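Trainee: need a 3D model of the sequence below.
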Amino acid sequence: MRVSLVPRPARVKATAASTDQDEDDDDDDAKSRQAARAALEPRFEEILRLVQVAVERYLADRKLTSDTADQGFPARAEMSGDYYLGSVDYGAGYDGHGRVSVMVHCLDVRSQDYLGLDVSLYVDSQGDLQLAAIESSCI
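Mentor: Below is the predicted model of the structure:
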């Protein structure tokens with residue numbers, strides 16, 4: 001299956017990153033999130049490349065996906081291979097280095113939301129972006 005990032009469908013409203021909408025954060029949390037965002041936004045193309053690799057690997061993994069809907073969810077036969085970015089969340093990470101979480105919406109063959117993948121990346125001590133986790137959800 002060809003896996004491609006596509007523009008957000010017109011039917012889906014854009015959501016602000018949580019750094020802009022988290023009113024419950026105390027000042028220190030908000031400042032650390034803003035600092036992480038400022039440090040990582042210039043690396044957005046690199047983030048997108050890592051998200052692409054993570055999505056491709058997830059969808060190709062036969063332990064995490066099935067061939068058909070009769071065999072389980074998510075089913076590769078139901079997916080188009082297209083996905084869009086639902087949201088991007090920046091944070092300080094556990095070790096003080098930056099982290100970013102990208103919520104990906106994988107589309108089905110009817111171009112409807114089908115599978116959510118939350119791709120979490122972090123900045124290691126050498127300053128390199130690394131995959132921390134990928135979690136799935138039915139959307």
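Trainee: what about V12, helix or strand, and which?
Mentor: Under the criterion DSSP states H and E, no helix or strand holds V12.
Trainee: tell me the contacts of it?
Mentor: 84, 86, 105 (C-beta atoms under 8 Å, 6 or more residues apart in numbering). The way it works is simple: take the backbone N, C-alpha and C, and place the C-beta from them, glycine included.
Trainee: go again using 10 Å as the cut-off
Mentor: By C-beta atoms under 10 Å, 6 or more residues apart in numbering, the contact set of V12 is 84, 86, 105, 113.
Trainee: C106 versus Q112, what's the distance?
Mentor: Distance of Q112 to C106, given as C-beta to C-beta, to the nearest Å: 10 Å.
Trainee: out of the two, which sits in the more crowded spot?
Mentor: Under the neighbour definition other C-beta atoms under 10 Å, Q112 and C106 were set side by side, and C106 has more, 23 against 13.
Trainee: leaving out sequence neighbours, find the closest residue to that one.
Mentor: Spatial nearest neighbour of C106, chain neighbours left out: L115 (4.1 Å); criterion: C-beta to C-beta, 6 or more residues apart in numbering.
Trainee: checking my notes, the one you found in a strand, right?
Mentor: Yes: assignment of L115 by DSSP: H, G, I helix; E, B strand; the rest coil places it within a strand.
Trainee: how much space between it and S32?
Mentor: L115 sits 31 Å away from S32, going by C-beta to C-beta.
Trainee: where does pLDDT dip in this structure?
Mentor: For the chain, the stretches with pLDDT under 70 are 14-26.
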